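# Below: sequence and its predicted model.
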Amino acid sequence: MTVEAPRPSAMPPAFRAVPMLLSLSGLILGLMAVAPLLWMVATAFKPQDEVFGAGLLPHRPTFANFVYVFTQLDFLRFLMNSFFVSATVTVVALLLHSMAGYALARLRFPGREVIFLTMFSTFLVSLPVIIVPLFVLIKALGLLDSYAGLIIPSIFNAFGIFLLRQFYLGIPPEIEEAAIMDGAGYWRLYWSVVLPMSRPILAALAILFFLANWNAFLWPLTIVSDRRLWVVQVAIASFQGQYTGSWNYIMAASTVVALPTLVLFFVFQRQIMESIKTSGLK
Amino acid sequence: MDLAVGQTARDVLRGRPRGRLTRRQREALAGYLFVLPDALGLAVFAGLPMLLALALGFFTVDGFGGYRFAGLANYRRMLLDPLFLQSLRVTLAYVVMLVPSLYVVGLGLALLVQRRSRLSGVLRSLFFLPQMVSLVVVALVWQVLLVDKIGIVNRLLSPLGLGGLSWLGDPRLALVAVVAISVWFLMGFYMLIFLGGLQDIPKEYHEAARLDGARPAAAFLYITLPLLRPTSFFVVLTATVTAVAGGQIFDLIYVMTKGGPANATELAIYYIYQQAFQYNEFGYAGAMATVLVVLLLGLTLLLFAVTRGGRFDG
């Protein structure tokens, strides 16, 4: 496996079956990996009395669960909240992180490395560890139960700055120099030269940021009690308590919540997986 | 030329009248202004809370939000709190089960899909797919799959005589179930990290080994594993931090088990959250969070010491 498989003809007969067996077991494992998600989607189309019935596919497929979720539960509003929060965080974060990443990579100023390392060290600060003081802080700022409270603390994250800095370290200097010679200021240089050049990495990061915020649960759970500000993750987690046993509804809601992320994945799987593969510290 | 500071900053960014600033000064000023928003944001929303957590630990907070200095009372209380000590034991058990499982599964999947072929590409996507879904959805789906007696997992296990297990109801099984679900969710990420590591190993090494007649198992043991040390180090470190303080694990516990049954899945991060937001014990929660961070730092340093930072030289 690690060694590239020798040609079948060079192998003793007993080993010829090995690559095929590997492919077969790989395929079985792959299907097992996605089976729970397939099961979720299938259950979303089942009437309640079939949820624990035999067989993956529904015998009497129905849209009733989805209709119920959208008509009885104000689900559209929660979807809009999630979309608004995730999209805003993504756009603002990309702008600020690319500015910071660019400056930390290309502009020379005293204390640059110290500033970078200090910012990067917050990488180790995870939300569960600081959630109590962060809550106290947001409360003191009067941002509990507000979109601002949902959005602002989610913007700042060292991971994005780090990846963008890595990217800007690698761009050729000639382009910037030409712009400087033209007498362009640093903002114009950034806005009309650097930013357009960063499109590929910004696109990849936009997907990752959007996904992370769409899937976020702990922070919105903690600072929002007003139902009108619920994001989808908080909404489905609370359905569970309200609709115990009505798994068909819960699975339909879960399918709706998972759908945008799955669609993003199918469209951008190469970019998503590439950007994660290269992020493993080098 | 007497320019106000704000004026200067704007002119620098626009590249208009130079004033008396040299090019180097203009570049430095632009650098600071570009970094400022993010630096400020991180300072306020990541750095400050870290310090606040430390400070909170020395206070008690009453029901009306009044803070009273309490010295080391919260820290003394911790030592005598059986539930906190239990949550540390659960956290340790979780780390001990999760990290090696993730390592083996992640590396195994990476080896399985590392060849360039259409099938490998499809398999990578399939293994990574669970990672796309939120932990809330993951927790909900697995709750249905693991329902006692009639859940699909127990139906599949019943031919083996294991159909009667109560995965989320039996204190001896619940943490195992949580570990298994965590592995299922996280394996795609670690597969990709290992794939990146495997690609960095020069092909010549394996070719030389093959010419020397080395068996695949030997090549794996003496070439792949040693050269994967930096990747392995990254994987173990990330997995450990995720297991002790990760937000995703919190979501899973919150939705699926609420720390139960009989506190069997009460991880420290979950216990701290409960103390803060169910019982308003903000000071106590701050103190426990501080202890958890110190323990995590200790674990990280230990890891660095044992592996010498994951360097090549064995």
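Alright, I've got the coordinates. Numbers count the residues shown, from 1 in each chain, chains lettered A, B, ... in the order given.
# Does B:L140 touch A:S254 like I think?
Yes: look at B:L140 against A:S254 with C-beta atoms under 8 Å: they come within range, at 5.3 Å. C-beta here means a position set from N, CA and C on the backbone, and glycine is covered the same way.
# okay, and the common contacts of the two?
Shared between the contact lists of B:L140 and A:S254 (criterion: C-beta atoms under 8 Å, 6 or more residues apart in numbering or on different chains) are residues A:I236.
# Same drill for these two, tell me which one is more crowded.
Ranked by neighbour count (other C-beta atoms under 10 Å in any protein chain shown), B:L140 and A:S254 place A:S254 first, with 30 against 24.
# name the element the more buried one belongs to?
Assigning secondary structure by DSSP states H and E places A:S254 in helix A:247-279.
# So out of everything in the stretch 151-282 of chain A, what residue is nearest chain B?
A:G185 (2.5 Å; C-beta to the nearest C-beta).
# buried residues in stretch A:31-39?
Judged by neighbour count (16 or more other C-beta atoms under 10 Å in any protein chain shown), stretch A:31-39 contains these buried residues: A:33, A:36-37, A:39.
# meant to ask about stretch B:225-244
The neighbour-count check on stretch B:225-244 (16+ other C-beta under 10 Å) flags B:227-244 as buried.
# How about residues contacting that stretch?
Contact partners of stretch B:225-244, identified using C-beta under 8 Å, 6+ apart, comprise A:124, A:126, A:280-281, B:91, B:94-95, B:98-99, B:102-103, B:106-107, B:182, B:186, B:190, B:193-194, B:196-198, B:200-201, B:205, B:248-249, B:268-269, B:292, B:295-296, B:299-300, B:303, B:307, B:309-312, B:314.
# what does the stretch 201-314 of chain B put close to chain A?
Within reach of chain A by C-beta under 8 Å from any C-beta of the partner chain, the stretch 201-314 of chain B has these residues: B:206, B:209-210, B:216, B:219-220, B:223-224, B:231, B:234, B:241, B:245-247, B:250-251, B:254-255, B:269, B:272-273, B:276-277, B:282, B:285-286, B:289, B:292-293.
# hmm, back to that, show me which residues of the helix holding A:S254 are buried.
Using 16+ other C-beta under 10 Å as the test for burial, helix A:247-279 gives A:247-258, A:260-261, A:264-265, A:268-269, A:271-273, A:275-277, A:279.
# Dead centre of the chain: give me the residue that sits there.
Picked chain A for this. A:L211 (2.4 Å; C-alpha atoms, centre = their mean).
# try chain B instead
When chain B is reduced to its mean C-alpha position, the nearest residue by C-alpha atoms, centre = their mean turns out to be B:T242, at 1.8 Å.
# Report the separation between B:Q114 and B:S120.
In this structure, B:Q114 lies at 7 Å from B:S120, with C-beta to C-beta, to the nearest Å as the measure.
# Over to B:M191?
Using C-beta to C-beta, we find B:M191 at a distance of 11 Å from B:S120.
# These two - which one has more neighbours?
The residue with more neighbours, out of B:M191 and B:S120 and counting by other C-beta under 10 Å, is B:M191; that gives 29 against 16.
# before we move on, the earlier item: could you redo the buried residues of stretch A:31-39 as a markdown table and give each row secondary structure, pLDDT and distance to chain B?
Converted to a markdown table, the buried residues of stretch A:31-39 look like this (DSSP: H, G, I helix; E, B strand; the rest coil; pLDDT from 0 to 100; distance: C-beta to the nearest C-beta, whole Å):
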| residue | secondary structure | pLDDT | distance to chain B |
| --- | --- | --- | --- |
| A:A33 | helix | 93 | 5 |
| A:P36 | helix | 94 | 5 |
| A:L37 | helix | 95 | 7 |
| A:W39 | helix | 93 | 7 |
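# per-residue pLDDT, the nearest residue to B:G196 once chain neighbours are set aside?
Spatially, and ignoring its direct neighbours in sequence, B:G196 is nearest to A:K277 (4.3 Å; C-beta to C-beta, 6 or more residues apart in numbering or on different chains). pLDDT, the model's per-residue confidence, is 77 for A:K277.
# Can you check the pLDDT for residue 113?
In the absence of a named chain, chain A is used. On the pLDDT scale, A:E113 gets 91.
# right idea, wrong chain: chain B
Value for B:V113, per-residue pLDDT: 91.
# burial count for it?
The tally of other residues near B:V113 (other C-beta under 10 Å) stands at 27.
# Would you confirm that the residue nearest to the centre of chain A contacts A:L264?
Yes: proximity of A:L211 to A:L264 meets the contact threshold set by C-beta under 8 Å, at 6.5 Å.
# Identify the contacts common to those two.
B:M132.
# Name the helix or strand of chain B that has the lowest mean pLDDT.
Of all the helices and strands that make up chain B, the one with the lowest confidence by mean pLDDT, DSSP states H and E is helix B:5-14; it has a mean of 57.
# and the helix or strand just after that helix, how far from the chain's centre?
Where DSSP H and E defines the elements, the next helix or strand beyond helix B:5-14 is helix B:23-42. Put simply, helix B:23-42 sits 31 Å off its chain's centre (C-alpha atoms, centre = their mean, to the nearest Å).
# Could you measure from the residue nearest to B:V144 when sequence neighbours are not counted over to B:V141?
By the measure of C-beta to C-beta, 6+ apart, the closest residue to B:V144 outside its immediate chain neighbours is A:W247, 5.0 Å from it. Distance of A:W247 to B:V141, computed by C-beta to C-beta: 10 Å.
# From B:W142, how far out is A:V232?
According to C-beta to C-beta, A:V232 stands 19 Å off from B:W142.
# List the backbone torsions phi and psi for the residue of the stretch 151-282 of chain A closest to chain B.
Note on A:G185: its backbone torsions stand at phi -80, psi 170 [degrees, to the nearest 10].
# Could I get the full set of strands for the chain?
Picking chain A for this. Under the criterion DSSP state E, chain A carries no strands.
# switch to chain B, that's the one I care about
Secondary structure of chain B (DSSP E): strands located at B:59-61, B:67-69.
# Turn those strands into CSV, columns for mean neighbour count.
CSV is the format used below for those (neighbours: other C-beta atoms under 10 Å in any protein chain shown):
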stretch, mean neighbour count
strand B:59-61, 20
strand B:67-69, 11
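# Could you dump the ones you listed into a markdown table with mean pLDDT and distance to B:L173 added?
Listed next are the strands of chain B as a markdown table, based on pLDDT from 0 to 100; distance: least, C-beta to C-beta, whole Å:
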| stretch | mean pLDDT | distance to B:L173 |
| --- | --- | --- |
| strand B:59-61 | 87 | 37 |
| strand B:67-69 | 87 | 42 |
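# Please tabulate the ones you listed in CSV, including the columns distance to chain A.
Converted to CSV, the strands of chain B look like this (distance: least, C-beta to the nearest C-beta, whole Å):
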stretch, distance to chain A
strand B:59-61, 9
strand B:67-69, 10
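# Pipe those strands into CSV and attach distance to A:D49 per row.
CSV is the format used below for the strands of chain B (distance: least, C-beta to C-beta, whole Å):
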stretch, distance to A:D49
strand B:59-61, 50
strand B:67-69, 55
